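**Student:** Quick check, what structure comes out for this input:
(one chain, ligands or ions: 2)
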Amino acid sequence: GDHWGYGIEDGPSVWHKTYPIAQGNRQSPIDIVPHQASCDPSLGPIVLNYDHCTSMNIANNGHSVIVEFDDTDDRVVIQGGPLDNPYKLKQFHFHWGGKGCHGSEHTVAGNSYASELHLVHWNAVKYGTFEEAATAPDGLAVLGIFLETGDDHRWLNMITDALYMVKFKGSVTDFEGFNPMCLLPSSLDYWTYLGSLTTPPLYESVVWIILREPIMVSEKQLSKFRMLLLTEEEEDQRIHMENNFRPPQPLNGRKVRSSI
Ligand SMILES: CN[C@H]1CN(c2cccc(OC)c2)S(=O)(=O)c2sc(S(N)(=O)=O)cc21
Ligand SMILES: [Zn+2]
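**Tutor:** Ligands and ions are numbered 1, 2, ... in the order given. Sure, this is the predicted structure:
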């Protein structure tokens, strides 16, 4: 099972012992330096088509809270931008900090946000299964959206209101009909670069597309994420899920392109 986490004993600084790719040359997240990103006029707009929402469930996997989608149909897609094929939505999940401190994975000119939402898509045109795509250099496309504290996000309540149902590690509950379009900011301007999963197995299989505009969520909504537990219902100890983010990794000469 997963013996990695975000603590002193099992956190990002020791992941390389079990997952040597952690020290690879296209790891994520990274610090995005806007004025060093190359504006690429050949980069078209991102096209999202989440209209036929086929969310299935919401779960606590002991590392994050994750909403999974039925990817047997080919309707929930992201395409355009740096992508050569349409990719299908598989799941989305979040990374966040502790009370008041930051929790995003990517940073912008050294600044981090309170949280980061990852919408994970896979290249079902080139690969037969998600697992196969997850190990291929162009197998996954993850759309990253920053969450900044401010006003309440009216649609995020649908997620935060369900979190009490998945308080314990390993819990899952139905969560149907959720359309992630409601979590997007108004602008789809983005930065893009080639990287990896930000958690084990850290596969270097991700085309990252990070939206520049954050969405606003309230401190109250964020505090509900911190109520989630790393521990299972049967365990006596109760450890809260917070600071589940990996710090920025070396760019190793990679180019970050911007659509702006
Ligand atoms: C635990 N989290 C990862 C789980 N995944 C994974 C991928 C392939 C194989 C596998 O187990 C065999 C699991 S995943 O592709 O759903 C993703 S995406 C992602 S992030 N933060 O970079 O967006 C982390 C993970
Ligand atoms: Zn993630």
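**Student:** residue nearest the centroid of this protein?
**Tutor:** Note on the chain: the residue nearest the mean C-alpha position is H118, at 2.1 Å, using Cα atoms, centre = their mean.
**Student:** Endpoint to endpoint, stretch 248-260 covers what distance?
**Tutor:** 23 Å (Cα to Cα, to the nearest Å).
**Student:** With stretch 216-228 instead?
**Tutor:** So stretch 216-228: terminal residues 21 Å apart, Cα to Cα.
**Student:** now do stretch 8-15
**Tutor:** Using Cα to Cα, the end-to-end distance of stretch 8-15 comes out at 11 Å.
**Student:** just stretch 37-45 next, same as before
**Tutor:** Distance between the boundary residues of stretch 37-45 (Cα to Cα) amounts to 17 Å.
**Student:** State the helix or strand in which the residue nearest to the centre of the chain lies.
**Tutor:** With the criterion set as DSSP states H and E, the secondary-structure element containing H118 is strand 115-122.
**Student:** which residues touch that strand?
**Tutor:** Surrounding strand 115-122, the residues in contact under the criterion Cβ atoms under 8 Å, 6 or more residues apart in numbering are 71, 77-78, 87-97, 103-106, 130, 133-134, 139-147, 180, 183, 198, 215, 217, 222, 225, 245. Any C-beta I mention is one placed from the backbone N, CA and C, and that applies to glycine too.
**Student:** Next, the buried residues of the helix or strand just after it.
**Tutor:** Toward the C-terminus, strand 115-122 is succeeded by helix 130-133 as the next helix or strand (DSSP H and E). By neighbour count on 16 or more other Cβ atoms under 10 Å, the buried set for helix 130-133 is 130, 133.
**Student:** which residues are in contact with helix 130-133?
**Tutor:** With Cβ under 8 Å, 6+ apart as the test, helix 130-133 has contacts from 71, 90, 122-124, 126-127, 139-140, 205.
**Student:** are any of the residues you listed buried, and which?
**Tutor:** Buried, going by 16+ other Cβ under 10 Å: 71, 90, 122-124, 127, 139-140, 205, out of the contacts of helix 130-133.
**Student:** how long is stretch 209-218 end to end?
**Tutor:** For stretch 209-218, the first-to-last residue distance is 24 Å (Cα to Cα).
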